[in-house]
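S.K.: got a sequence here, can you build the structure:
(one chain, ligands or ions: 1)
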Amino acid sequence: MDKLIITGGTSLNGEVAISGAKNAALPILCASLLTAEPLHLINLPHLNDISTMLRLLAQMGVGVTLDGPAGLVLDGGGLNNPLAPYDLVKTMRASILVLGPLVARCGEARVSLPGGCAIGARPVDQHIKGLQAMGAEVTVEAGYVHAKAKRLKGARICTDMVTVTGTENLMMAAVLADGETIIENAAREPEVVDLANCLVSMGAQISGAGTDVIRIRGVERLSGANHRIMPDRIETGTYLCAAAATGGDVRLTQTSAAYLDAVVDKLMDAGCEITTERDAIRLKAPQRLKAVSLRTAPYPAFPTDMQAQFMAINAVADGVSTIRETIFENRFMHANELQRLGADIQIEGSNAIVRGVSHLEGATVMATDLRASASLVIAGLVAQGETTIDRIYHLDRGYERIEEKLSKLGAKVRRAH
Ligand code: EPZ
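M.R.: Alright, predicted model coming up:
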């Protein structure tokens, strides 16, 4: 298994380009199932999760043609197998996003239950409840969700909690339904809006995306379209945190601060100077950061996907901070690994109390999930001496060419096999 070896102590300086958003690209790739015409996407990130989704779509009969370094043409015309098998779904939970589009386009779907993952049980009951409200017959047997519907009917759905992929799945199910669907308590994440924009360019009738009430009026069919994937706001936030922790000065291009207000606010509270341009953001770090408490919550509040990275910052900041995780029940696994590097962190239920220390010492640590891995990279960049991070396949799921981008900013990092 690959590992990253980082020699800490150098600050990050310079400029690097941000890739397309993984969590926008994944549902938008599934939108190709909704039409028999070609869907042309650009600004796709080169990530393992994207490759897994493309394998999943191809085995259903979707044509996948590369079109330039970050472009693809997806052709749903050949869709002939509405099945998402366990061996693919178990490696990437977001595979559940094919469920809604398959029922909408083919009238049936068999999708393996994604099962839990390191950060939590991750049930999909809201996805199923919403499809049933739209008239689908849904059974769960032998680890698969079987859903059938001659044609879905518009319905009013209020999810029990804010669910990002739940909102996305139901929105894609509704675009070809008979009548109007209203999704209340909808997720407001920018990736939901990017998906809605792509669906509208394909001929869908959607209003309210980005608010907690989304209205979808079903149409008979969708056409192909061209769509550019939005920038990855979590990759952006991760590099901002790395620059902040190492006392650096970086400028990130092909991105924007537009969707990162909560993270930018916390970085400024920590003492960073942040300037924003139309499609770039620059951060200059102070000599030493101030500890900053935070609480994760659905957008536009502080994103759970940035919690681990901020814990790494607080581990070496001046003062004591409390991090409260309200979305997932087991998203503090990076804490144990940060403690191996010398961090002073106490976990009390869904709270982590972090006492900033003057420095961290390099050690061998293990990645447990995608964003925990990013947290360990940030800590390794700061720690004195050498840090080895094992199981970085987690990292490769969500960060494109991370050692190349970090090296460009002056980090001493290399991949070992
Ligand atoms: C999406 O996951 C993201 N993944 C996650 O990013 C992100 O952490 C999460 O949203 C929260 O922002 C993608 O977009 C591919 P949820 P998702 O449904 O949709 C519970 C990353 O690092 N819930 O919004 O699976 C659930 O257990 C990943 O890139 C139910 O109980 O998250 C959780 O506690 C990690 N039943 C909460 O809701 C359901 O049917 C929010 O989950 C659905 C969700």
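S.K.: which residues does the helix or strand hosting residue 389 contact?
M.R.: Per DSSP states H and E: residue 389 is located in strand 386-390. Strand 386-390 is contacted from outside by 1, 3-8, 341, 362-367, 373, 376-377, 379-380, 395, 416, using C-beta atoms under 8 Å, 6 or more residues apart in numbering. Just so you know, the C-beta spots here come from the backbone N, C-alpha and C atoms, and that holds for glycine as well.
S.K.: which ChimeraX command selects the buried ones in the residues you listed?
M.R.: The following ChimeraX line selects those of those that are buried, judged by 16 or more other C-beta atoms under 10 Å:
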select :3,4,5,6,7,8,341,362,363,365,366,367,373,376,377,379,380,395
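S.K.: quick one: list the elements packing against the next helix or strand after the strand holding residue 389.
M.R.: From strand 386-390 onward toward the C-terminus, using DSSP H and E, the following helix or strand is helix 393-396. When contacts are defined as 3 or more C-beta pairs under 8 Å, 6 or more residues apart in numbering; DSSP states H and E, helix 393-396 sits against helix 370-382.
S.K.: hmm, the helix it packs on in reach of the ligand?
M.R.: Yes. Interface with the ligand: helix 370-382 contributes 370-371 (C-beta under 6 Å from any ligand atom).
S.K.: next: stretch 333-348.
M.R.: No. Stretch 333-348 does not reach the ligand (C-beta under 6 Å from any ligand atom); its nearest approach is 12.2 Å.
S.K.: and the contacts of that stretch?
M.R.: Taking C-beta under 8 Å, 6+ apart as the rule, stretch 333-348 contacts 118-119, 308, 311-312, 315-316, 332, 352-357, 359-369, 371-372, 375-376, 379-380, 383, 387.
S.K.: are any of those residues buried, and if so which?
M.R.: 119, 308, 311-312, 315-316, 332, 352, 354, 356, 360, 362-363, 365-369, 371-372, 375-376, 379-380, 383, 387.
S.K.: quick check: buried residues in the strand holding residue 389?
M.R.: Within strand 386-390, judged by 16+ other C-beta under 10 Å, the buried ones are 387-390.
S.K.: likewise stretch 222-230?
M.R.: Across stretch 222-230, burial judged by 16+ other C-beta under 10 Å covers 222, 224-225, 227-230.
S.K.: list the ones among the residues you listed that fall in helices.
M.R.: Among the buried residues of stretch 222-230, no member falls in helices (DSSP state H).
S.K.: just those residues: which are in strands?
M.R.: Using DSSP state E, the members of the buried residues of stretch 222-230 that fall within strands are 225, 227-228.
S.K.: now the strands for the stretch 301-417 of the chain?
M.R.: Per DSSP state E, counting those that start in this stretch, the stretch 301-417 of the chain carries strands over the ranges 320-324, 344-348, 351-355, 364-366, 386-390, 412-416.
S.K.: put the alpha carbons of the first one into CSV.
M.R.: So the one you mean is strand 320-324. The C-alpha atoms that make up strand 320-324 are tabulated as CSV, following Å, rounded to 0.1, in the frame of the first residue of the first chain:
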residue,chain,number,x,y,z
VAL,A,320,-7.6,25.8,23.9
SER,A,321,-10.5,25.1,21.4
THR,A,322,-13.6,22.9,21.3
ILE,A,323,-14.6,21.2,18.1
ARG,A,324,-18.2,19.9,18.0
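S.K.: pairing partners for that strand, with directions?
M.R.: Note on strand 320-324: by DSSP bridges, its sheet partners are strand 294-295 (parallel), strand 351-355 (antiparallel).
S.K.: same check, this time on the last one
M.R.: Paired neighbours of strand 412-416 in the sheet (DSSP bridges): strand 3-7 (antiparallel).
S.K.: distance from the chain centre to the partner strand, please.
M.R.: Going by C-alpha atoms, centre = their mean, to the nearest Å, the spacing between the C-alpha centre of strand 3-7 and its chain's C-alpha centre is 24 Å.
S.K.: on contacts alone, who are the packing partners of the very next helix or strand once past that strand?
M.R.: Reading on from strand 3-7 to the C-terminus, the next helix or strand found by DSSP H and E is strand 13-17. Under the contact definition 3+ C-beta pairs under 8 Å, 6+ apart, strand 13-17 sits against strand 249-253, helix 402-408.
S.K.: buried residues, the longest one. List them.
M.R.: Buried residues in helix 402-408, counted by 16+ other C-beta under 10 Å: 402-403, 405-406.
S.K.: residues in the stretch 201-350 of the chain within reach of the ligand, list them.
M.R.: 304-305, 327-328.
S.K.: go again using 5 Å as the cut-off
M.R.: By the rule C-beta under 5 Å from any ligand atom, the part of the stretch 201-350 of the chain lying against the ligand is 304-305.
S.K.: can you put the helices and strands packed on strand 13-17 in CSV and add mean pLDDT?
M.R.: Formatted as CSV, the helices and strands packed on strand 13-17 follow (pLDDT from 0 to 100):
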stretch, mean pLDDT
strand 249-253, 98
helix 402-408, 97
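S.K.: quickly find the element holding the residue of the stretch 1-150 of the chain found nearest the ligand.
M.R.: The ligand sits closest to residue 126 of the stretch 1-150 of the chain, with a gap of 3.2 Å, by C-beta to the nearest ligand atom. For residue 126, the host element (DSSP H and E) is helix 125-133.
S.K.: the helices and strands packed on strand 13-17: which one's closest to residue 63?
M.R.: Smallest distance to residue 63 across those (C-beta to C-beta): 30.5 Å, for helix 402-408.
S.K.: for that closest one, what is the distance to the chain centroid?
M.R.: For helix 402-408, the distance to the chain centre is 20 Å (C-alpha atoms, centre = their mean).
S.K.: now the residue located most distally from the centre of the chain: closest residue in space that isn't a chain neighbour?
M.R.: Largest separation from the mean C-alpha position in the chain: residue 150, at 32.6 Å (C-alpha atoms, centre = their mean). Take residue 150 and drop its neighbours on the chain: the residue closest to it by C-beta to C-beta, 6 or more residues apart in numbering is residue 107, 5.9 Å away.
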